[in-house]
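Engineer: I would like to see how this sequence folds:
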Amino acid sequence: MKRVSHEPAYVLHHYDWSESSVIVEAFTRSHGRIALVAKGAKRPSSNFRPVLLPLQQLALSWGGDAEIRTLKSAEWGGGQVMPTGDPLLSGYYANELLMRLLARDDAHPRLFDAYATLVHVLAADEGESLVGAALRAFELLVLRETGHLPALDVQTLTLGRLAPDEPYRLVSEGGLRAAHADDASWLPGAQWLALSDALADEAPLTAALNVAARLPGDQRVHLRQQLRELLHYHCGVGTLRTRQLMMDLQSFQVP
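Structural biologist: Below is the predicted model of the structure:
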């Protein structure tokens, strides 16, 4: 039986397995997304109950060779408190992206480190603008790590280098191309080139966050729209569940 001990991990999702146990979908640094059965986790006396929380770094130990392994222990890894309010929903949104786009048992250590940075940004809750920039950076990294993001320094079909002052649009089936006159959203080549350089940085989430945060307001909206279309296309849905929840909650806010 294969044993893994004290692996850095985050809980992405969990669901009932039996009257007393749950299945935990976890994102680990060295093993990618895995499924674990936490036996007895629903019992009031379980040591798992106060630990298996989302957006908290954990150290997990498990055993087994089946698709669903058996969780042996879970320890809190320390760090920040759990985000609240809109940042909490943003964290659930990031979790949904990983659930939908990551295959099980496929390690993405750089994406794991970027996710850990995102969690710190969300917990700090330094304003809607910074949280939005962090989400755009994370979306780009998820798309790149899963092979769904084209190169951002050339046009996809021609491989021609982008002109800094010309407009370009990211489309679901055609990659990055010159913007058409009727395109509602696009970014100038200089911004795509800056994002391309940021993703190649040793700390890609922080670098891409800084680029996204400096975009003018209209360009921030355009980047969000283009990434949302690409993510929905590859997730196979019209609207992600957490995104719909966020929109529903905003519709109930008092003006």
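Engineer: phi, psi of the closest residue to residue 68 other than its chain neighbours?
Structural biologist: Spatial nearest neighbour of residue 68, chain neighbours left out: residue 35 (4.6 Å); criterion: C-beta to C-beta, 6 or more residues apart in numbering. Where you see a C-beta, it was placed from the backbone N, CA and C, and this is true even at glycine. Note on residue 35: backbone dihedrals following degrees, to the nearest 10 are phi -110, psi 130.
Engineer: what about residue 35, how many residues nearby?
Structural biologist: Using other C-beta atoms under 10 Å, residue 35 is surrounded by 18 other residues.
Engineer: try residue 40
Structural biologist: Here the number of neighbours of residue 40 (other C-beta under 10 Å) works out to 14.
Engineer: ranges for the helices of the stretch 151-255 of the chain?
Structural biologist: 189-199, 204-213, 217-235, 241-251 (DSSP state H, counting those that start in this stretch).
Engineer: tell me the secondary structure at residue 147.
Structural biologist: coil (DSSP: H, G, I helix; E, B strand; the rest coil).
Engineer: from residue 106, how far out is it?
Structural biologist: 11 Å (C-beta to C-beta, to the nearest Å).
Engineer: neighbour count for these two, which is higher?
Structural biologist: A direct count of neighbours by other C-beta under 10 Å for residue 147 and residue 106 places residue 106 higher, at 12 against 9.
Engineer: ok, the more buried one touching residue 30?
Structural biologist: No - between residue 106 and residue 30 there is no contact under C-beta atoms under 8 Å: 11.3 Å.
Engineer: distance between the helix or strand residue 8 falls within and the chain's centre?
Structural biologist: Using DSSP states H and E, residue 8 sits in strand 3-16. Its chain's average C-alpha position is 16 Å from that of strand 3-16, according to C-alpha atoms, centre = their mean, to the nearest Å.
Engineer: averaged pLDDT, it. What do you get?
Structural biologist: What strand 3-16 shows for mean pLDDT is 95.
Engineer: report all helices and strands that it contacts.
Structural biologist: Contacts defined by 3 or more C-beta pairs under 8 Å, 6 or more residues apart in numbering; DSSP states H and E place strand 3-16 against strand 22-28, strand 58-63, helix 85-101, helix 109-124.
Engineer: before we move on, the earlier item: does the residue nearest to residue 68 touch residue 27 like I think?
Structural biologist: No - using C-beta under 8 Å, residue 35 is not in contact with residue 27; the gap is 11.3 Å.
Engineer: before we move on, back to that, hey, what's the residue nearest to residue 68 bridged with?
Structural biologist: Applying DSSP bridges to residue 35 gives these bridge partners: residue 25, residue 68.
Engineer: quick check: which ranges of the stretch 101-250 of the chain have low pLDDT?
Structural biologist: Residues of the stretch 101-250 of the chain meeting the criterion pLDDT under 70: 237-250.
Engineer: at 50 what do you get?
Structural biologist: 248-250 (pLDDT under 50).
Engineer: grab the nearest non-local neighbour of residue 145.
Structural biologist: residue 111 (4.5 Å).
Engineer: repeat that for residue 141.
Structural biologist: Nearest to residue 141 is residue 114, by C-beta to C-beta, 6+ apart, at 5.0 Å.
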